[in-house]
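S.K.: Got a sequence here, can you model it:
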Amino acid sequence: MSQDLRSPVLTIDSDRLYSESAFGKRVVRDIEAQTRALADENRTLEAELEAEEKNLTAQRPDLTPEEFRTLADAFDARVQTIRRDREAQSRAIANQLEESRGRFLTAAAPVLEAIMREAGAAVILERRSVFISANAIDITARAVQRIDDVLGDGTDAPAE
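M.R.: Got it, this is the predicted structure:
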């Protein structure tokens, strides 16, 4: 976008704004690392549970039906607890991604407002919501650059 763009309406691709920004890229890297770590933990737990199940099955001939049922029920309860914990951790990672995007958009708002003022614009519309427009009014690339200049990767931004 040239410095002298004057338009009452600007457009932006908010997904690109986030994904191409240093802030968004850092968050995605962090989330991917957390997701990989959770998957690694899940594989380890799965192997442990499989071994425990085989051990329980091997013990079955030496146990009374009541003893086996008690051990099997305890194993099942443990499996269900682990499953709920893993699902909660997965949801927490997804929530973190959404919360980070919200923090980014809040922190980016002053930069977008400055670009609006410079262009004499009254509104910035989501590009996907616009049927047709001139590419000249799309400020996504400029906004990414300016936001990166202000926010960097967001590690220095105050937490909410």
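
S.K.: How many residues are close by Asp85?
M.R.: When counting by other CB atoms under 10 Å, one arrives at 11 neighbours for Asp85. Heads up, the C-betas are built off the backbone N, CA and C, glycines and all.

S.K.: cool, Ile147 as well?
M.R.: Residues near Ile147, counting by other CB under 10 Å: 26.

S.K.: tell me the SS of the spatially most central residue of the chain?
M.R.: Nearest to the mean C-alpha position of the chain, by CA atoms, centre = their mean, lies Leu97 at 2.4 Å. Judged by DSSP: H, G, I helix; E, B strand; the rest coil, the three-state class of Leu97 is helix.

S.K.: same deal with Arg26?
M.R.: Put simply, Arg26 is helix when judged by three-state DSSP.

S.K.: List the residues that contact Thr57.
M.R.: Under the criterion of CB atoms under 8 Å, 6 or more residues apart in numbering, Thr57 has no neighbours.

S.K.: Kindly report the same for Arg16.
M.R.: Thr140, Val144.

S.K.: If we use 7 Å, what do you get?
M.R.: By CB atoms under 7 Å, 6 or more residues apart in numbering, the contact set of Arg16 is Thr140.

S.K.: That'll do, ta.
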